[in-house]
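> below is the structure, and that's it, no one-letter string:
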């Protein structure tokens, strides 16, 4: 059955190149595992490609991708398979620079609700209001979570954010 | 958080992964089946679960998996003492069956009555001696050799005579009694007959 939003292979290729890295980072932030993150990305691409109507604005498309990826990660974490066969945590080996690796590792040690807020705020550059909209949380809650996450990170890496 | 941003920037989907996303998505869109393609990890987990299940089933002891047949209790096997007293045989209880000698002309052997409400056919076979049927009304003895078919309630006669009635059994003989219903075996019992002395015999219903 043809999908109106995806007219050609070129459209699909463009979608993948536009969002694959974003999806991988969001999924990795939640799952801390490359194989699981890859699975989630695949599912989200299929959902994206099956959408009957294409997005008219890039921002909306990106926000949709983030929301759906987060939901897919939550579903995976809730699944009995995941609970029974939890893979051994892998080091952040794809990061070459040791200092960067340590900081990312510290963020990944935070609870999931803090990790995603940190990612969206510091990496994607969303405001707390936008994050609240994306995550369907109260903005004050997001601010509190951001503050709490920073405190935990400081405990993990003394002076790690001095360059802020 | 620059180092965090720099570190996260290195987490990305490589070209091979992107190509896989494209191919898998195309495949699923063309087939319309969103669950056809499993990732290697999911497939491996599924296979592992199947192996565990199969191993569990295979390693169950046959005695645990086999359905034990319901014990058959439909026989009432009655023997008779020398004075004619009826003696219902009970498992592992030895009872005197009476006296038999070829010189005794009153009966053709030691009578054993086999009754069953459940069976429609009974097969009796002996390891030693011989079987016969006898109807006192017509005084005719029907030799049956070592095996016979009988209806429930019939009395069969076991004779300890061997070697053409010239010699009596001095050892042990087993009488196998098998009950059938609709040509299907529903139970069996064995009566062991042991020579005592002076042409006296003891019988015991053996617990199978």
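Happy to help now that I have it. Nothing here was measured: the structure is a model prediction, and the numbers come from that model. Numbers count the residues shown, from 1 in each chain, chains lettered A, B, ... in the order given.
> now do the helices in chain A.
Secondary structure of chain A, counting by DSSP state H: helices at A:9-31, A:34-50, A:58-78, A:80-84, A:98-108, A:112-118, A:128-135, A:139-156.
> below-threshold pLDDT in chain A: ranges please.
Counting by pLDDT under 70, chain A shows low-confidence ranges at A:1-7, A:81-93, A:158-164.
> middle-most residue in it, spatially?
Compute the mean C-alpha point of chain A, and by C-alpha atoms, centre = their mean the closest residue is residue A:26, 1.3 Å away.
> spatially nearest residue to whichever residue of chain B sits closest to chain A (excluding sequence neighbours)?
For chain B and chain A, the shortest gap (C-beta to the nearest C-beta) falls at residue B:7, measuring 3.4 Å. (Glycine included, C-beta is placed from N, CA and C.) Spatial nearest neighbour of residue B:7, excluding adjacent residues (C-beta to C-beta, 6 or more residues apart in numbering or on different chains): residue A:100 at 3.4 Å.
> care to break the chain down by domain?
I went with chain A, as the question did not name one. A:1-90, A:92-158 (automatic domain parsing).
> was after chain B, sorry
If you go by automatic domain parsing, chain B breaks into B:2-65, B:75-206.
> check those for me and report the most buried one.
Mean neighbours per residue, mean count of other C-beta atoms under 10 Å in any protein chain shown, is largest over the domains of chain B for domain B:75-206, with a mean of 16.
> tally of neighbours for whichever residue of chain A sits closest to chain B?
Distances between chain A and chain B by C-beta to the nearest C-beta are smallest at residue A:100, namely 3.4 Å. Using other C-beta atoms under 10 Å in any protein chain shown, residue A:100 has 20 other residues around it.
> for the one 4 residues further on, same thing?
Counted with other C-beta under 10 Å, residues neighbouring residue A:104 total 25.
> sticking with the nearest residue to it once chain neighbours are set aside, tell me its helix or strand.
Excluding the flanking residues, the one nearest residue A:104 by C-beta to C-beta, 6+ apart is residue B:7, at 3.8 Å. Element membership of residue B:7, judged by DSSP states H and E, is helix B:2-9.
> which is the succeeding secondary structure element to that helix?
helix B:15-31.
> chain center to that next one: distance?
From the chain centre to the centre of helix B:15-31 is a distance of 58 Å (C-alpha atoms, centre = their mean, to the nearest Å).
> please apply the same query to stretch A:9-25.
14 Å.
> and that stretch, is it in reach of chain B?
Yes. Stretch A:9-25 reaches chain B (C-beta under 8 Å from any C-beta of the partner chain) through A:9, A:12-13, A:16-17, A:20-21, A:23-25.
> touching that stretch from outside, list them.
Residues from elsewhere that reach stretch A:9-25 (C-beta atoms under 8 Å, 6 or more residues apart in numbering or on different chains): A:5-6, A:37-38, A:40-41, A:44-45, A:48-49, A:61-62, A:65-66, A:69, A:119, A:123-124, B:8, B:11-13, B:17-18, B:21-22, B:25-26.
> of all the residues in it, which ones are buried?
A:12-13, A:15-16, A:19-25 (16 or more other C-beta atoms under 10 Å in any protein chain shown).
> same check, this time on stretch A:137-157
Of the residues in stretch A:137-157, those buried (16+ other C-beta under 10 Å) are A:137, A:142-143, A:145-146, A:149-150, A:152-153, A:157.
> for residue B:133, pull up the helix or strand it's in.
strand B:130-135.
> and that strand, average pLDDT?
For strand B:130-135, the mean pLDDT works out to 82.
> packing partners for the helix or strand following it?
Following strand B:130-135 in sequence order, the next helix or strand is strand B:140-145 (DSSP H and E). If contacts are counted by 3 or more C-beta pairs under 8 Å, 6 or more residues apart in numbering or on different chains; DSSP states H and E, strand B:140-145 sits against strand B:130-135.
> near chain A, which residues of chain B? Just list them.
Neighbours of chain A within chain B, by C-beta under 8 Å from any C-beta: B:1-13, B:17-18, B:20-22, B:24-26, B:28-29, B:32, B:34, B:37, B:39-42, B:45, B:48.
> and if we set it to 6 Å?
Within chain B, the positions adjacent to chain A are B:1-8, B:10-13, B:18, B:21-22, B:24-25, B:28-29, B:32, B:39, B:41, B:45 by C-beta under 6 Å from any C-beta of the partner chain.
> in chain B, where is pLDDT below threshold?
Using pLDDT under 70, chain B drops low at B:31-41, B:59-74, B:82-83, B:90-96, B:99, B:101-107, B:136-138, B:162-168, B:198, B:207-208.
> try it again with 90
Along chain B, segments meeting pLDDT under 90 span B:1-12, B:14, B:24-122, B:124, B:126-208.
> run through the strands of it in chain order.
B:75-80, B:86-88, B:94-99, B:110-116, B:121-126, B:130-135, B:140-145, B:147-150, B:155-159, B:161-162, B:167-168, B:172-181, B:184-195, B:200-206 (DSSP state E).
> tabulate the ones you listed in a markdown table, adding columns for distance to residue A:115.
Formatted as a markdown table, the strands of chain B follow (distance: least, C-beta to C-beta, whole Å):
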| stretch | distance to residue A:115 |
| --- | --- |
| strand B:75-80 | 76 |
| strand B:86-88 | 82 |
| strand B:94-99 | 83 |
| strand B:110-116 | 77 |
| strand B:121-126 | 79 |
| strand B:130-135 | 88 |
| strand B:140-145 | 90 |
| strand B:147-150 | 83 |
| strand B:155-159 | 88 |
| strand B:161-162 | 94 |
| strand B:167-168 | 97 |
| strand B:172-181 | 72 |
| strand B:184-195 | 69 |
| strand B:200-206 | 76 |
